[in-house]
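Trainee: Take a look and give me a structure for this.
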Amino acid sequence: MNKRAFRLFEAEHISNVYARSRPTYNQEIAQHILECIQTKAKDGKHELMIEVGCGSGQATDVLAPYFHNVHATDISESQITQAKAFNKFNHINYQVGCAEEINACSASADLLVAAEAIHWFDLEKFFAEARRVLKPGGCLALIVYVHPKLTPNTSTGPQRQLTKRLTDVMKQMLYDNHSIKLVATFREMLNGYPKIFEAIPAKQKRRKIFHRIYDHWKIKDIKDFVNSMILQKNNLNTKHTDGLLQRETQNEYANEISGLVDNMNEILKIGGISPDCVISFEADFEMTVVTASEFL
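Mentor: Numbering: from 1, shown residues only. As a prediction, this is how the structure comes out:
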């Protein structure tokens, strides 16, 4: 991974919260990917899927039933530990690894997938690996969720107030030009990878948008997630960042995170709301698919 891909999720508590709170993927997405794979299936399943930047395995779980073997990697050992803990299948091999050096034979994969991850990769090296590991007729699938927003589940004043203020802070973190240096990366992700889409060295690239609403953001889970950001800040200020991000940017990011955490914790003190109160998270999933034969 490039220097932007620092280990945000290395702490066990952060990875645990990540595993519980990240949006999951639906069968519609899985079926669209399967329709794009041009290799032959055996006994109703394709042979090998490789996932890079797998996190704690949200996309892996949805796609695994359609393959005989699954090889899923993430640069974070803590994320891989979480993925193994939540693993429901005996044919998934979770390992620490990076997208630019995939531990797989050439022309071996029916599917190479990156869900909410390619914005951290060295694109030139990753696309070279995609060409190498995909079988003729194999498929690269890139998934990202775009235009997220929070919606109150009731019309009560406190919840609506809380949702609006959390949304404002989320927008500040993700879109504010004067915020963290990584804002360009987040903007690229939440706008559906426009620059990355153009950078894919392929004759033909296909995009499809899926819509889904998530309703599992309880107030207590949001608090947990916000407090985990403090651990991210602490991680960035220790020697354990392994030089994956320049020290100057580490410190600026840590300072920004600290301010946003304080802001969000103050917002979450609004009275009259149960910790089990649910706020809906709404987003569109956007997927880009490229078959092996289309790579230049």
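Trainee: Buried residues of stretch 121-135, list them for me.
Mentor: Phe121, Asp122, Leu123, Phe126, Phe127, Glu129, Ala130, Arg131, Val133, Leu134, Lys135 (16 or more other Cβ atoms under 10 Å). All C-beta atoms are positioned from the backbone trio N, CA, C, and that covers glycine.
Trainee: Buried ones in the top strand by length along the chain, by neighbour count?
Mentor: The longest strand of the chain (DSSP state E) is strand 134-152. Residues 134-135, 138-145, 148, 150, 152 are the ones in strand 134-152 that count as buried (16+ other Cβ under 10 Å).
Trainee: cool, and stretch 279-293?
Mentor: Going by 16+ other Cβ under 10 Å, stretch 279-293 has these buried residues: Ile279, Phe281, Glu282, Ala283, Phe285, Glu286, Met287, Thr288, Val289, Val290, Thr291, Ala292.
Trainee: Please apply the same query to stretch 33-41.
Mentor: Neighbour-count burial for stretch 33-41 [16+ other Cβ under 10 Å]: Ile33, Leu34, Cys36, Ile37, Thr39.
Trainee: now do stretch 152-164
Mentor: Pro152, Gln159, Leu162, Thr163.
Trainee: now those in TSV, with secondary structure?
Mentor: Shown next, in TSV, are the buried residues of stretch 152-164 (DSSP: H, G, I helix; E, B strand; the rest coil):
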residue	secondary structure
Pro152	strand
Gln159	helix
Leu162	helix
Thr163	helix
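Trainee: which residues of the chain score low on pLDDT?
Mentor: Scanning the chain with the threshold set as pLDDT under 70 gives 1-23, 154-156, 170-186, 212-216, 223-261, 264-265, 268, 270-272.
Trainee: Where do the helices of the stretch 51-200 of the chain begin and end?
Mentor: 58-63, 77-86, 123-133, 157-175, 183-190, 194-199 (DSSP state H, counting those that start in this stretch).
Trainee: Any chance of JSON lines for these, columns distance to Glu51?
Mentor: Formatted as JSON lines, the helices of the stretch 51-200 of the chain follow (distance: least, Cβ to Cβ, whole Å):
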{"stretch": "helix 58-63", "distance to Glu51": "5"}
{"stretch": "helix 77-86", "distance to Glu51": "10"}
{"stretch": "helix 123-133", "distance to Glu51": "12"}
{"stretch": "helix 157-175", "distance to Glu51": "25"}
{"stretch": "helix 183-190", "distance to Glu51": "17"}
{"stretch": "helix 194-199", "distance to Glu51": "17"}
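Trainee: can you tell which of those is closest to Glu47?
Mentor: With Cβ to Cβ, the closest approach to Glu47 among the helices of the stretch 51-200 of the chain belongs to helix 123-133: 12.5 Å.
Trainee: What angle do strand 134-152 and that closest one make with each other?
Mentor: With axes from the mean of the first three to the mean of the last three Cα atoms, to 10 degrees applied, the angle from helix 123-133 to strand 134-152 works out at 130 degrees.
Trainee: who does helix 123-133 touch, helix- and strand-wise?
Mentor: When contacts are defined as 3 or more Cβ pairs under 8 Å, 6 or more residues apart in numbering; DSSP states H and E, helix 123-133 packs onto strand 109-115, helix 194-199.
Trainee: Which stretch among those is buried most, on average?
Mentor: strand 109-115 (a mean of 26; mean count of other Cβ atoms under 10 Å).
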